[in-house]
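> predicted model and sequence below, questions to follow.
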Amino acid sequence: MATKENPAGSPLESLNMQAVLSMRSSGYYSQRTAGAKHAIDSTISLLRDALTSLPESGVLRFADFGAADGGTSAALWAEIVATVRSQGDTRPIEVLYTDLPSNDFSTLFKTMQGMEGNLSDAYQVNYGNVFVHGCGTGFHRQLMASDSLCLGFSATAMHYVSEKPCEIEGHVHMVGANQVERDMFAQRAADDWEKILLARCAELKKGSRFIVLNFGIDDQGQYLGNTGGHSMFDKFTEHWRMLQKTGTITEKEFKRATFSQHYRTVEEFRAPFDDTQSLVSQAGLRLKSIRTQLTRCPYEHAYRDANGAISRKEFAASLIPTMRSWSETVFSSALVDREQQEAQAIVDQFYQCYEDEIAAAPDGHAMDYIHAIMEIEKT
Ligand SMILES: C[S@@+](CC[C@H](N)C(=O)[O-])C[C@H]1O[C@@H](n2cnc3c(N)ncnc32)[C@H](O)[C@@H]1O
């Protein structure tokens with residue numbers, strides 16, 4: 001359990017938590033998450049705008065919080081570095097990538113050094129006086145010296161809560177939780193949001209910005225994989241429940257597959273800024289703008305546009321890996337008491353059932369993204 005002296009909890013507890021939160025490694029994550037990259041690319045104008053108010057600083061320190069293997073944001077950072085240099089700014093640039101200790105930092109460093117991925121995004125080798133660093137500590141804490149950050153960025157990461165407040169009885173995600181469970185998640189997410197903002201506030205230099213796009217719930221009640229057709233999290237629940245009903249997994253394993261996530265509403269994102277007496281407002285953070293955005297599922301989009309050139313089976317086989325890239329660790333961690341091979345076979349069966357359902361009747365299956373996009377400034 002987390003305590004004041006040991007805010008991250010015991011090492012073992014933290015390790016278990018990290019296994020559940022992690023993306024699949026060896027570049028699997030960024031190779032199969034084109035939608036996450038599209039969402040990131042859509043924020044380039046906010047970052048360019050932030051460059052116009054860079055603070056006085058000998059070194060330009062930028063940070064990408066919860067960067068995974070760095071592949072989805074590589075083009076964005078390459079563009080930012082190019083913009084800074086095209087303005088004649090020759091100051092040293094440090095880019096600090098943060099994630100959990102279990103993250104695939106190896107792929108990240110190889111990508112930045114041009115050993116993997118798109119060489120034109122390897123800004124570390126394409127520009128001089130640019131330094132890439134990694135930080136394997138969670139973003140609920142301060143991660144660098146006070147007043148040293150010139151531009152902070154985070155994409156699709158801060159919906160992960162620091163600890164699951166409970167297992168959800170009848171669903172896998174807080175979007176399908178009962179009211180008591182949902183309130184517990186909301187409280188944990190509110191405390192985490194305050195911690196995240198206070199930590200960023202301490203790191204940022206005055207006048208600097210933190211651009212964050214985060215999964216959330218929009219004013220029509222839409223969220224990831226739930227934008228009109230089937231709800232992806234309901235489908236996860238149905239197929240996971242089927243494995244329990246057929247005796248493949250136990251009730252305990254069913255409940256353990258609770259995502260450590262909370263999708264905040266716009267109101268929840270705004271709360272610490274709207275309250276002028278909050279610690280966040282008092283510390284000097286201001287919300288410059290917030291909007292929600294739907295990014296269409298690229299796999300469903302491609303299938304629709306192909307007019308039959310992509311088969312139902314091919315569509316299903318393209319959609320499941322993007323879901324799998326970030327959700328698989330939740331289901332495999334729920335089977336922690338089993339031999340790895342046995343657990344893997346169950347997880348494969350679980351995704352295969354979902355894939356077969358999509359292949360049989362693809363209409364309404366998609367993983368559209370719903371983000372809240374915020375520009376936050378330290379005043
Ligand atoms: C869905 S991925 C997003 C990766 C990338 N930013 C993108 O938009 O494609 C979420 C990332 O957040 C990381 N993460 C989750 N909780 C975290 C925490 N407390 N501190 C740092 N990173 C965390 C995960 O390990 C994962 O790499």
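Structure's in. What do you need?

> can you tell me what sits against stretch 286-306?
By C-beta atoms under 8 Å, 6 or more residues apart in numbering, the surrounding residues in contact with stretch 286-306 are 34-35, 38-39, 42, 209, 213, 216, 218-219, 222, 227, 266, 269-270, 273, 310, 314-315, 318-319, 322, 362, 365-379. C-beta here means a position set from N, CA and C on the backbone, and glycine is covered the same way.

> where does the residue nearest to Ser57 when sequence neighbours are not counted land on pLDDT?
Leaving aside its chain neighbours, Ser57 sits nearest to Cys150 (5.5 Å; criterion: C-beta to C-beta, 6 or more residues apart in numbering). With respect to pLDDT, Cys150 scores 98.

> how many neighbours does Cys150 have?
24 (other C-beta atoms under 10 Å).

> show me where the stretch 101-250 of the chain has strands.
130-135, 149-155, 204-217 (DSSP state E, counting those that start in this stretch).

> deepest-packed of the ones you listed, please.
Mean neighbours per residue, mean count of other C-beta atoms under 10 Å, is largest over these for strand 149-155, with a mean of 25.

> now the stretch 201-350 of the chain against the ligand: closest residue?
When scored by C-beta to the nearest ligand atom, the stretch 201-350 of the chain has Trp326 as its residue closest to the ligand, at 4.8 Å.

> ok, that residue - how many residues close by?
Trp326: 21 neighbours (other C-beta under 10 Å).

> just checking, next helix/strand downstream of the helix or strand hosting it?
Assessed by DSSP states H and E, Trp326 sits inside helix 312-334. Note on helix 312-334: by DSSP H and E, the next helix or strand toward the C-terminus is helix 340-360.

> sheet-wise, list the partners of whatever helix or strand comes next after that following helix with their directions.
Downstream of helix 340-360, the first helix or strand assigned by DSSP H and E is strand 369-378. Partner strands and pairing direction for strand 369-378 (DSSP bridges) are strand 204-217 (antiparallel), strand 285-295 (antiparallel).

> mean confidence score for strand 369-378?
The predicted model gives strand 369-378 an average pLDDT of 98.

> okay, it in PDB with CA atoms only?
Coordinates of each C-alpha in strand 369-378 appear next as PDB, following Å, rounded to 0.1, in the frame of the first residue of the first chain:
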ATOM      1  CA  TYR A 369     -10.300   8.000 -29.900                       C
ATOM      2  CA  ILE A 370     -11.800  10.700 -27.700                       C
ATOM      3  CA  HIS A 371      -9.300  13.100 -26.300                       C
ATOM      4  CA  ALA A 372      -9.500  16.200 -24.100                       C
ATOM      5  CA  ILE A 373      -6.700  18.500 -25.400                       C
ATOM      6  CA  MET A 374      -5.400  21.100 -23.000                       C
ATOM      7  CA  GLU A 375      -3.000  24.000 -23.100                       C
ATOM      8  CA  ILE A 376      -1.800  24.700 -19.600                       C
ATOM      9  CA  GLU A 377       0.500  27.600 -18.700                       C
ATOM     10  CA  LYS A 378       2.600  28.500 -15.700                       C
END
